[in-house]
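A.B. asks: using only what follows, build the 3D model:
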Amino acid sequence: MSQKISPLAGQPAPYASLVNVPRLISAYYSGRPDASVAAQRVAFGTSGHRGSSFDDSFNEWHVLAITQAICDFRKQKGIDGPLFLGIDTHALSTPAFASAVEVLAANGVELMLSKDDEYTPTPAVSHAILVYNRGRKIGPGSGLADGIVVSPSHNPPESGGFKYNPPNGGPAGTDITSAVEAAANAMLANGLAGVKRMPLAQALKASTTHRHDFLNNYVEDLASVIDMDAIRGAEVEMGVDPLGGAGVNYWAAIGARYKLKLTVLNPEVDPRFRFMSLDWDGRIRMDPSSPYAMHSLVEHKERFPIIFACDTDHDRHGIVTRTSGLMQPNSYLAVMVDYLFTHRPHWSASASVGKTLVSSSMIDRVAASVGRKVYEVPVGFKWFVDGLVDGSLGFGGEESAGATFLRRDGAVWTTDKDGLIAALLSGEIKAQTGRDPGERYAELTAALGKPVSDRVDAAATPAQKKRLSTLSPAQITSTQLAGEKVVNVLSNAPGNGAALGGVKVMTENGWFAARPSGTENIYKIYGESFLGEAHLQRILGEAQTVVDQALGD
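C.D. replies: A predicted model of the protein is given here:
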């Protein structure tokens, strides 16, 4: 059941593991996807379409078709304002960016590209959309803006990614992505019929193509969401590793603008990401929550009280403290909730805590301790967007180290994950409380209990995966789990009633959730216990039996 850890995990990336960038780019332009092969079709997951040119799952044809489908969607919905286009540092992002520009310009879209071709984090795109749309009403002719981010997030260097953010600034919902996906695949099947395109040089000079200063607009506004005066006044020493990602030049600008003691540990950009430590499976992956990928960063913990990192598009965070090392994502989410809802007096007294179904129950206990309700949703940040926009959610976080929260006055900041503000909040916590997030988490567990958690994988056929995604509570007949009474079985999220795409089984002191993988013939089992490691292992072991029985009925 458990993951097989590579003997190279945590080690510096050897030369043999580095991607051949020229071959990768060549494959982007020369590859032709076969629309009859599922793995080569456009497929939007929770964060857009992802793949690699090496296996014809992400290449020029995909990007041209997806971009045209987005242009057609915008026209259909009357979205006629500017489109903010962001890009990260993956090798495939540059040619994909060029392909997108060619199609967007040919369709007459008012296009906002980064000033000086600066890389653009996902949160900077979400922020730009929301700032532009402030005060505008939904409807044709309203001039609403939207955006595209060219990024596969923290995925390996050979990966490419492409995601759409509608006028609400957050990840597009399935109602949008399903339509874009179907339209793009129809174009692939018809040899790109219907795709409008112009040469890149002409597109860049088009009257509809403009430049936008994403970096300075974002950096100048940060004091509205983070107490920069407190960090500066307490002289909190912080180190940051951008992991060669899109925010690489943002950190120096933040430090200079707010006069912080902030040291950029690695300003290097390399599409091979050769400076990374190998992840659990021996591959390069810019995951700031992985102890293996962050191995070299943790070695710096004695230099600074707090160190943080963000993934390639800077929508995820990793926090390292001198006292606790690399914090688990769920642990820091709990600390964020505890701090924010006791240090943001201008937030609505009814603002809730948003969490995904596989995030820690420690968040529920912390929320209860600060008198806030929990809004639990399926996996996917899109479920938090509406609540962040109207202020009914003060915070939204997911177990994979993604979070965002409101401005200090209670207004919306971003509706997509923001690794920069999550990282900077660790400095504010240290400045205002005198304790780093690791120390604060230890205090919370002493008062509320200490959870242990893990995730394992189990084999499943495509038919079993399909059945798991539609499993009903009635099919889970077990009344006991790891020696405790089952108190609830969920197939829909208690927050918004949306289908979980799996099942969650809960007891007083533990739970497990099972959901199928979107890319492999496995299902994932997430588990947590407040009764220790042995109890957690019982939960995980029995979980597979419970689910297998349900799938076999």
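
A.B. asks: T470: neighbouring residues, count only.
C.D. replies: 12 (other CB atoms under 10 Å). Bear in mind the C-beta positions are built from the backbone N, C-alpha and C, glycine included.

A.B. asks: relative to Y258, how far out is it?
C.D. replies: Per CB to CB, to the nearest Å, T470 is found 50 Å from Y258.

A.B. asks: cool, and M336?
C.D. replies: From M336 to Y258 the distance is 20 Å (CB to CB).

A.B. asks: repeat that for K196.
C.D. replies: Counting by CB to CB - K196 and Y258 are separated by 44 Å.

A.B. asks: equivalent analysis for S529, please.
C.D. replies: From S529 to Y258 the distance is 41 Å (CB to CB).

A.B. asks: report the longest helix in the chain, please.
C.D. replies: helix 533-552 (DSSP state H).

A.B. asks: alpha carbons only: can I get that one in PDB?
C.D. replies: Extracted in PDB, the C-alpha atoms of helix 533-552 (Å, rounded to 0.1, in the frame of the first residue of the first chain):
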ATOM      1  CA  GLU A 533       0.700   6.200  14.900                       C
ATOM      2  CA  ALA A 534      -0.400   2.700  15.700                       C
ATOM      3  CA  HIS A 535      -4.100   3.800  15.500                       C
ATOM      4  CA  LEU A 536      -3.400   5.600  12.200                       C
ATOM      5  CA  GLN A 537      -1.900   2.400  10.700                       C
ATOM      6  CA  ARG A 538      -5.000   0.500  11.800                       C
ATOM      7  CA  ILE A 539      -7.200   3.100  10.100                       C
ATOM      8  CA  LEU A 540      -5.300   2.900   6.900                       C
ATOM      9  CA  GLY A 541      -5.200  -0.900   6.900                       C
ATOM     10  CA  GLU A 542      -8.900  -1.300   7.600                       C
ATOM     11  CA  ALA A 543      -9.800   1.500   5.100                       C
ATOM     12  CA  GLN A 544      -8.600  -0.600   2.200                       C
ATOM     13  CA  THR A 545     -10.700  -3.500   3.400                       C
ATOM     14  CA  VAL A 546     -13.800  -1.400   3.900                       C
ATOM     15  CA  VAL A 547     -13.500   0.200   0.400                       C
ATOM     16  CA  ASP A 548     -12.600  -3.100  -1.300                       C
ATOM     17  CA  GLN A 549     -15.700  -4.700   0.200                       C
ATOM     18  CA  ALA A 550     -17.900  -1.800  -1.000                       C
ATOM     19  CA  LEU A 551     -16.400  -2.000  -4.500                       C
ATOM     20  CA  GLY A 552     -16.900  -5.700  -4.600                       C
END
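
A.B. asks: give the buried residues for that helix.
C.D. replies: 535-540, 542-544, 546-548, 550-551 (16 or more other CB atoms under 10 Å).

A.B. asks: now, the most widely separated pair of those residues?
C.D. replies: H535 and L551 (24.5 Å; CB to CB).

A.B. asks: hmm, who's touching stretch 475-485?
C.D. replies: Outside of stretch 475-485, the residues within contact range by CB atoms under 8 Å, 6 or more residues apart in numbering are 486, 489, 503, 505, 507-510, 512, 529, 535, 538-539, 542-543, 546, 549-550, 553.

A.B. asks: what about the helices in the stretch 1-150 of the chain?
C.D. replies: Ranges of helices within the stretch 1-150 of the chain are 21-30, 60-77, 93-106, 122-133, based on DSSP state H, counting those that start in this stretch.

A.B. asks: now swap in the stretch 451-553 of the chain and tell me
C.D. replies: With DSSP H, counting those that start in this stretch, the ranges of helices along the stretch 451-553 of the chain come out as 462-469, 533-552.

A.B. asks: who are the packing partners of the last one?
C.D. replies: So that's helix 533-552. Helix 533-552 sits against strand 452-459, helix 462-469, strand 480-481, strand 499-506, strand 510-516, strand 522-529, with contacts defined as 3 or more CB pairs under 8 Å, 6 or more residues apart in numbering; DSSP states H and E.

A.B. asks: tell me what the first one is packed against?
C.D. replies: Packing partners of strand 452-459 (3+ CB pairs under 8 Å, 6+ apart): strand 522-529, helix 533-552.

A.B. asks: now render the ones you listed as JSON lines, adding mean pLDDT and distance to T445.
C.D. replies: Formatted as JSON lines, the helices and strands packed on strand 452-459 follow (pLDDT from 0 to 100; distance: least, CB to CB, whole Å):
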{"stretch": "strand 522-529", "mean pLDDT": "91", "distance to T445": "13"}
{"stretch": "helix 533-552", "mean pLDDT": "91", "distance to T445": "14"}
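
A.B. asks: in TSV: the ones you listed, plus distance to A463.
C.D. replies: Formatted as TSV, the entries for the helices and strands packed on strand 452-459 read as follows, by distance: least, CB to CB, whole Å:
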stretch	distance to A463
strand 522-529	12
helix 533-552	9
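
A.B. asks: quick one, which of the ones you listed is nearest to A474?
C.D. replies: Counting by CB to CB, A474 lies closest to helix 533-552 out of these; the figure is 9.6 Å.

A.B. asks: touching that closest one from outside, list them.
C.D. replies: Under CB under 8 Å, 6+ apart, the answer for helix 533-552 is 1, 452-454, 456, 458, 460, 464, 467-468, 471, 475-478, 481-483, 503, 505, 509-512, 514, 523, 525, 527-529.

A.B. asks: residues contacting L104?
C.D. replies: Counted by CB under 8 Å, 6+ apart, L104 has contacts T67, C71, L83, L85, L111, A203.

A.B. asks: tell me how far it lies from P123.
C.D. replies: Taken as CB to CB, the span from L104 to P123 is 21 Å.

A.B. asks: G410 too?
C.D. replies: 19 Å.

A.B. asks: counting neighbours, go ahead and name the busier of those two.
C.D. replies: P123 (31 against 14).

A.B. asks: excluding covalently adjacent residues, which one is nearest to the more buried one?
C.D. replies: Leaving aside its chain neighbours, P123 sits nearest to D418 (3.7 Å; criterion: CB to CB, 6 or more residues apart in numbering).

A.B. asks: can you give me the strands for the stretch 51-200 of the chain?
C.D. replies: In the stretch 51-200 of the chain, the strands defined using DSSP state E, counting those that start in this stretch lie at 83-87, 111-114, 146-150, 160-165.

A.B. asks: from the contact counts, what lies against the second one?
C.D. replies: Meaning strand 111-114. Partner elements for strand 111-114 (3+ CB pairs under 8 Å, 6+ apart): strand 83-87, helix 93-106, strand 209-212.

A.B. asks: which stretch among these is buried most, on average?
C.D. replies: strand 83-87 (a mean of 26; mean count of other CB atoms under 10 Å).

A.B. asks: tell me the angle that strand makes with strand 146-150.
C.D. replies: 20 degrees (axes from the mean of the first three to the mean of the last three CA atoms, to 10 degrees).

A.B. asks: could you redo the helices of the stretch 451-553 of the chain as JSON lines and give each row distance to M294?
C.D. replies: Formatted as JSON lines, the helices of the stretch 451-553 of the chain follow (distance: least, CB to CB, whole Å):
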{"stretch": "helix 462-469", "distance to M294": "31"}
{"stretch": "helix 533-552", "distance to M294": "22"}
